[in-house]
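**Student:** Sequence first, then the predicted structure:
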Amino acid sequence: MVEALAAIFMPAIVVLIVFLYVGWNRYLKHRERMAMIEKGLVPDLTDSDEGEEPVRSRRRRNRLDTGLITAAIGLALTLGLSSLGFGPWLLGGLIPLFVGLANILAYLLQPDTEHAGAKGGPGGTG
């Protein structure tokens, strides 16, 4: 009986711990940023302590990553479900495939703000 309850609740407990950890880290980062603003300091636009890349650039790259992964999963599901023949079950693969393609298209249509001034702008050489 106890083993059955542990098997049922253990995944939920692990997920809850992960969510609590992520939420606590976000809360602490928020408090740190608010303290910087109250003291008159301007928090940087990076989301990490190493100062890697701006949030906007990382979001743009994440859109491409998400699109490629979702499209690949959708393609794999479509190919796997097509072995059953053509029918409404193919939507289980076609929907993520086209959601991934939409993310890739949004990535391609979104302007690259990092290098926008270097391409044909007033001081650019393009």
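**Tutor:** Sure thing, it's come through. Numbering: from 1, shown residues only.
**Student:** how much distance is there from stretch 81-90 to the middle of the chain?
**Tutor:** Remark: stretch 81-90 is offset 29 Å from the chain centroid, using C-alpha atoms, centre = their mean, to the nearest Å.
**Student:** And the host helix or strand of Val15, how far out from the chain middle?
**Tutor:** Assessed by DSSP states H and E, Val15 sits inside helix 2-38. Chain-centre distance of helix 2-38: 18 Å, with C-alpha atoms, centre = their mean.
**Student:** buried ones in that helix?
**Tutor:** By neighbour count, with 16 or more other C-beta atoms under 10 Å as the criterion, helix 2-38 contains no buried position. Bear in mind the C-beta positions are built from the backbone N, C-alpha and C, glycine included.
**Student:** what is the mean pLDDT for it?
**Tutor:** Per-residue pLDDT over helix 2-38 has a mean of 90.
**Student:** Following element in sequence after that helix, please.
**Tutor:** helix 55-81.
**Student:** and the most centrally placed residue in the chain, how far is that from Lys39?
**Tutor:** Per C-alpha atoms, centre = their mean, the C-alpha nearest to the average position across the chain is that of Asn62, at 5.1 Å. Asn62 sits 31 Å away from Lys39, going by C-beta to C-beta, to the nearest Å.
**Student:** Phe98 now?
**Tutor:** In this view, Phe98 and Lys39 are 48 Å apart by C-beta to C-beta.
**Student:** what's the answer for Leu81, then?
**Tutor:** Plainly put, Leu81 is 57 Å away from Lys39 if you go by C-beta to C-beta.
**Student:** quick one: Ile13 and Asn25, what's the gap?
**Tutor:** In terms of C-beta to C-beta, Ile13 sits 19 Å off from Asn25.
**Student:** Hmm, I typed the wrong one, I wanted Phe86.
**Tutor:** In terms of C-beta to C-beta, Phe86 sits 47 Å off from Asn25.
**Student:** Ok, Pro111 next?
**Tutor:** Distance from Pro111 to Asn25, by C-beta to C-beta: 31 Å.
**Student:** same question, Leu105
**Tutor:** In this structure, Leu105 and Asn25 are 33 Å apart, going by C-beta to C-beta.
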